[in-house]
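>>> here is the input, now give the coordinates:
(one chain, ligands or ions: 1)
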Amino acid sequence: MKDIFEDLSDRELELLNIIHKKDMITKKGLQSLIAMPLTTLNRAMKSLIDKKLIVEIGVSESTGGRRAVEYSTTQKGIYVVGVDISRTYVSIVIMNLKMTVLAKEKFYMDESFSPQKTVKKIVNLIMKRLKELSIDKSEVIGIGVGTVGPLNRKKGIMVKPKNFFNESWKDVNLKEMLEKDTSISCFIDNGANTAALAEYLFGSGKSFKSIVYIHCGVGIRSAVITDGIVIRTINDSEDAFAHMIVDLNGEKCTCGSKGCIESYSSIKAIIKRFNLKSSIEKIKEEDYNALLNLKVKECDLAKEVINKGAKTLGIGLSNLIKLLNPELVILCGPLINNYKFYYDICIDTFNKNNYLNNKVVFSKGGEFKEDAIAIGAALMVIENYFKRSSY
Ligand SMILES: [Zn+2]
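All right, here's what the predicted structure looks like:
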């Protein structure tokens, strides 16, 4: 199936990419975006229709002139799978080329979820849902995985991710395992990057040139896209911002430094600080909702550690925004989505420390919320074919 993209001319691929991003567009609309004589455009569009990559979907509203046919990418025959492997859960989406989510799956991981057990379950769920949707494996152009770095992205290896409950998550060749079990091409990137990609191209970031995406969960994960380019860190890690030092003599961090954002603002750090200071009650990491949702109203210590986490993230944000000057910052993840207080304190701290007066828009959760990593992972597969990426 992927050969269908390799056989396209550069012009056809460029048109397909624009139609994909615009969702629906007329030939006149295409001509306003791409310098192409009408005869050439007509030929390329006919070829895309013949290859069943685009379809006519109706006519645009009349604006006084002639009504024009609108085109869209096909909804049938080409599918893609997106998988979000985070530290505590896996979620899966199956989408068509038009970006419609046709099926979703999610499961949580405990200590028993080794890489082998996790991949087996992922493969079983993908195959089950494809069968239910009457989609043949040959119609699936790829599986995209958004996961936890550091990564060897080309080889598809998770090198040494921290904080999985099961300790065997080291040097995991996800690409090889998934391709062996499904015979479908697999691509991996870190989950923050895939989520940012989804928001940038199809979500709350689509009218902005530069965005920052920050996921606040067990760890603090971040991604930056500027002018359509994902700004990559060493080994495609998503924790570069998390280890920004905000207090020279601060808390010891898991990375070995002192005073990193991660050592105050992540769920892991907040629970650790609560448990260290609490003389009565201890909370397990996986039960963080107990701290966030139940205790905060009546517990001063819970308020204190969460406040500290949110303020520290706000300081980190103010540094990051001064440096990158993004137009949009999306804050997402359980700490943001489940707990309004954390988000509000974080933004308030940024505003009090915005001495360069950066004009920035904040989005709480983005458009795709908790599905962003999986949807973006599926989108990454499509983008790889559109850009003729070699990996
Ligand atoms: Zn650190």
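>>> what's the burial count for the nearest residue to Asp181 once chain neighbours are set aside?
Once flanking residues are discounted, Asp181 sits nearest to Val123: 4.5 Å by C-beta to C-beta, 6 or more residues apart in numbering. Quick note: C-beta positions are derived from backbone N, CA and C, even for glycine. Residues contacting Val123 under the criterion other C-beta atoms under 10 Å number 17.
>>> equivalent analysis for Cys253, please.
18.
>>> need the contact list for it.
Going by C-beta atoms under 8 Å, 6 or more residues apart in numbering, Cys253 touches His243, Gly259, Cys260, Glu262, Ser263.
>>> could I have the buried ones of those residues as PyMOL selection syntax?
This is the PyMOL syntax for the buried subset of the contacts of Cys253, where burial follows 16 or more other C-beta atoms under 10 Å:
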select buried, resi 243+259+260+262+263
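>>> filter the contacts of Cys253 down to the ones near the ion?
Contacts with the ion within these, counted by C-beta under 5 Å from the ion: His243, Cys260.
>>> re earlier: tell me how far the residue nearest to Asp181 lies from Glu139.
17 Å (C-beta to C-beta, to the nearest Å).
>>> which residues of the stretch 251-391 of the chain lie near the ion?
Cys253, Cys255, Ser257, Cys260.
>>> I figured the third one was touching His243, is that so?
Think Ser257. Yes: using C-beta atoms under 8 Å, Ser257 is in contact with His243, at 6.5 Å.
>>> how many residues are close by Ser32?
Ser32: 10 neighbours (other C-beta under 10 Å).
>>> other residues contacting the host helix or strand of it?
Applying DSSP states H and E as the criterion places Ser32 in helix 27-33. Helix 27-33 is contacted by residues Leu15, Ile18, Ile19, Lys22, Met36, Leu38, Leu41, Asn42, Met45, Ala68, Val69, Tyr71 when judged by C-beta under 8 Å, 6+ apart.
>>> and the residue nearest to Asp181, what does it touch?
Leu178, Asp181, Thr182.
>>> let's see it at 10 Å
Ile143, Met177, Leu178, Lys180, Asp181, Thr182, Ile184 (C-beta atoms under 10 Å, 6 or more residues apart in numbering).
>>> likewise for Ile141?
1-5, 78-81, 97, 184-185, 378, 381-382, 384-385.
>>> likewise for Asn193?
Here Asn193 is in contact with 146, 149, 151, 153, 213, 221-225, 230-233, 236, 238, 373, 376-377, 380 (C-beta under 10 Å, 6+ apart).
>>> how near is the residue lying closest to Leu13 once chain neighbours are set aside to Glu262?
By the measure of C-beta to C-beta, 6+ apart, the closest residue to Leu13 outside its immediate chain neighbours is Phe386, 6.3 Å from it. Relative to Glu262, Phe386 is positioned 34 Å away (C-beta to C-beta).
>>> again, but for Arg11
Plainly put, Arg11 is 46 Å away from Glu262 if you go by C-beta to C-beta.
>>> one more: Ile184?
35 Å.
>>> try Glu251
In terms of C-beta to C-beta, Glu251 sits 9 Å off from Glu262.
>>> need the overlap of contacts for these two.
Shared contacts of Glu251 and Glu262, counting by C-beta under 10 Å, 6+ apart, come down to Ala269, Thr312.
>>> and the strands in the stretch 151-300 of the chain, which stretches?
151-152, 157-158, 172-173, 186-190, 210-216, 220-226, 229-230 (DSSP state E, counting those that start in this stretch).
>>> ranges for the helices of the stretch 51-200 of the chain?
Along the stretch 51-200 of the chain, counting by DSSP state H, counting those that start in this stretch, helices occupy 115-132, 174-182, 191-202.
>>> need the buried ones from the contacts of Val123 selected in PyMOL.
Listed next is the PyMOL selection for buried residues among those, using 16+ other C-beta under 10 Å:
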select buried, resi 143+177+178+181+182+184
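>>> tell me the one of the contacts of Val123 nearest Asn319?
Ile143 (36.3 Å; C-beta to C-beta).
>>> I figured the closest one hits Leu125, correct?
No: taking contacts as C-beta atoms under 10 Å, Ile143 lies outside contact range of Leu125: 11.7 Å.
>>> now do the shared contacts for these two.
Val81, Val83, Ile92, Ile94.
>>> in the stretch 1-150 of the chain, what residue is nearest the ion?
Pro150 (13.7 Å; C-beta to the ion).
>>> so what's the residue count around the nearest residue to that residue once chain neighbours are set aside?
The shortest distance from Pro150 to any non-neighbouring residue, by C-beta to C-beta, 6+ apart, is to Asn235 (3.6 Å). By the criterion of other C-beta under 10 Å, Asn235 has 14 neighbours.
>>> which residues does Asn235 contact?
Gly149, Pro150, Leu151, Asn152, Arg153, Val159, Lys160, Asn190.
>>> would you indicate which residues of stretch 213-228 are buried?
Here stretch 213-228 shows 213-226 as buried, counting by 16+ other C-beta under 10 Å.
>>> is that stretch in proximity to the ion?
No: shown here: stretch 213-228 not in contact with the ion (C-beta under 5 Å from the ion), separated by at least 9.8 Å.
>>> any idea which of the contacts of Val123 is closest to Phe113?
Met177 (13.8 Å).
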